[in-house]
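**Student:** sharing a model prediction with you, sequence too.
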Protein chains: 2
Amino acid sequence: MVGIVEQHAPSAHSGQPLRASERAYWALREDIVEWRLPPGTVLGEVEQAARLGISRTPLREALGRLNAEGLTAPHAGRGVVVAAISLANVTELFELRTALECQSAALAAVRGEPAVFRQLQHEFLAAADALRGSAPDARAYYELVGRLDAAVDDAAGNTYLRQAMANLRVHLVRVRRLARDNPARLLASAAEHANIAGAIADGDGQVAAAATRIHLHQSLEHFKSTDPHHRPDLPAERTV
Amino acid sequence: MVGIVEQHAPSAHSGQPLRASERAYWALREDIVEWRLPPGTVLGEVEQAARLGISRTPLREALGRLNAEGLTAPHAGRGVVVAAISLANVTELFELRTALECQSAALAAVRGEPAVFRQLQHEFLAAADALRGSAPDARAYYELVGRLDAAVDDAAGNTYLRQAMANLRVHLVRVRRLARDNPARLLASAAEHANIAGAIADGDGQVAAAATRIHLHQSLEHFKSTDPHHRPDLPAERTV
DNA sequence: TGGGCCAGTTTTGTATACACAGAGTCGGCA
DNA sequence: TGCCGACTCTGTGTATACAAAACTGGCCCA
């Protein structure tokens, strides 16, 4: 489960005052993603509005966006509830992710600037060396992965694809909290990413897509092997 | 550009009273898709609320959903404007569509009920014969295409994939108004669809994906060949 | 004559008030 | 004691009023 870098609220980067509805959206989104609001939690409008210190009107807008993204689901006559997530959901998520990221990688191979991805390839190879060291810096590695994702998004140059992946990543970030990355997996992941970057730099869309598919397959297999079913914080199989 | 069947408001099927925000959403959505509200139209809140006979609050909810779907874009201090759409957008749309539908077809081949798709294959072959006749019924054909789409969605059994395709189809429906289908294209399309259905019935995901890719490629090429640039109702190249 | 600034106006953002619908509960009746 | 009905009460859906922000137009100054 390497490769999903959390997005933060715009306010974190630009200090300008945010609208109340935006603040509510990001606050709730983060609370859900961080599992502070576990699946099944009912989000009453008056209750949440009071908690966030805003009125119901902007809160409703925030809830509407969360519903649209699938992070919450309207529970007839009883407000909205935080959506559940299960191993079955993760599998489905990865099926969509594979489709989107393989296409992105293939397009990036055709349209991207080779130098950019060659550079990233070298960085991943260097990162793999670093991860073999005594004090592997996982955070720096995640940052690098985020840079590759952004570069691919950018090179693919497809607004709709980008937005579809943004929608998807919200859920992946949420799942990420369930995954345990170990040094061995990080090392393998670095090599896989180096392959992806290299294929894109080569302009070989077929190989880039294949490398992406391999990476995602391995990620999912690793995730499954961490046996989420035995984890108490993972809810039972429930539909979203 | 064969294969996108318009979705209708829930009220059309279930006569129960709809919330004002829902009505506003569907009304605006249809107005945009049908090009009654051309790209660039500014949708003032008070103006639209008055036009639809509702208050601003539910209207804002509707506009929020339209913005999230990309049908409109917020124009600071100037309300929301109907998003423009250009040939470049159509190409991007099809890149995303290819990724999603190929994946869907491949999954359907693995998980679907073969008999369902065998039946659809035969229906498409019969439709091809009918389209060769003197009075081709395009509407019946579109309905058949819609049935295949629904069957694939259903067989793929992936919530996220389904939702991503639903989001995409909104834009495709909108583009469809620009396309001119002719009998020859419809006939070819029927054969392509028969191939897709047959491959899924065979349980061959590879072939199903390839057949889907071919169909979408031909659709896009046909669309491009209708030369939308010469059509006056198509706006100039503008970003969405 | 061109650019920047200021005020008016329009439009959005937020808060509050009200109406309605559904669920849960309490009491009465069989 | 169990079941049915009405009632209450919580919570959402909608409307309206107010506040803040942004655009537009004009004016002044360089």
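**Tutor:** Noted; the coordinates are in hand. What you see is a predicted model; the values in this text were computed from it and never measured. Residues are numbered from 1 along each chain as shown, chains lettered A, B, ... in the order given.
**Student:** which ones are touching the nearest residue to residue A:215 once chain neighbours are set aside?
**Tutor:** Leaving aside its sequence neighbours, residue A:215 sits nearest to residue A:192 (CB to CB, 6 or more residues apart in numbering or on different chains; 4.0 Å). From N, CA and C alone the C-beta is placed, and that goes for glycine too. Residues near residue A:192 by CB atoms under 8 Å, 6 or more residues apart in numbering or on different chains: A:211, A:214-215, A:218.
**Student:** so residue A:215 versus residue B:92, what's the distance?
**Tutor:** 24 Å (CB to CB, to the nearest Å).
**Student:** I should have written residue A:179 there, sorry.
**Tutor:** On the measure of CB to CB, residue A:179 and residue B:92 end up 32 Å apart.
**Student:** what about those two, which has more around it?
**Tutor:** Using other CB atoms under 10 Å in any protein chain shown, the more surrounded residue of residue A:179 and residue B:92 is residue B:92, with 21 against 17.
**Student:** please, which helix or strand holds the more buried one?
**Tutor:** Using DSSP states H and E, the element containing residue B:92 is helix B:87-111.
**Student:** cool, and residue A:162?
**Tutor:** Residue A:162 is part of helix A:159-176, with elements assigned from DSSP H and E.
**Student:** before we move on, the earlier item: and chain A, is the helix holding residue B:92 touching that?
**Tutor:** Yes. With CB under 8 Å from any CB of the partner chain as the measure, helix B:87-111 is seen reaching chain A through B:89, B:92-93, B:95-96, B:98-100, B:102-103, B:107.
**Student:** what subset of those residues is buried?
**Tutor:** If you count burial by 16 or more other CB atoms under 10 Å in any protein chain shown, the buried members of these come out as B:89, B:92-93, B:95-96, B:98-100, B:102-103, B:107.
**Student:** excluding chain neighbours, what is closest to the residue most central in space within chain A?
**Tutor:** Nearest residue to the geometric centre of chain A (CA atoms, centre = their mean): residue A:169, 3.2 Å. Of all residues not flanking residue A:169 in the chain, residue A:4 sits nearest, at 5.9 Å (CB to CB, 6+ apart).
**Student:** so who does that neighbour touch?
**Tutor:** A:169, A:172-173, A:175-176.
**Student:** what about it, which SS state?
**Tutor:** Of the three states, residue A:4 takes coil under DSSP: H, G, I helix; E, B strand; the rest coil.
**Student:** what's the pLDDT at it?
**Tutor:** Note for residue A:4: predicted pLDDT of 71.
**Student:** how about a markdown table for the contacts of residue A:4, with pLDDT added?
**Tutor:** Formatted as a markdown table, the contacts of residue A:4 follow (pLDDT from 0 to 100):
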| residue | pLDDT |
| --- | --- |
| A:169 | 93 |
| A:172 | 92 |
| A:173 | 89 |
| A:175 | 90 |
| A:176 | 85 |
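**Student:** closest to DNA strand D out of the residues you listed?
**Tutor:** Closest approach to DNA strand D among those (CB to the nearest atom of the strand): residue A:173, at 25.4 Å.
**Student:** how many neighbours does the closest one have?
**Tutor:** 18.
**Student:** for it, give its distance to residue B:118.
**Tutor:** As judged by CB to CB, residue A:173 and residue B:118 stand 41 Å apart.
**Student:** what residues does chain A put near chain B?
**Tutor:** Counting by CB under 8 Å from any CB, the positions of chain A adjacent to chain B are A:57, A:60-61, A:64-65, A:68, A:70, A:89, A:92-93, A:95-96, A:98-100, A:102-103, A:107, A:158-161, A:163-164, A:167-168, A:171, A:239-240.
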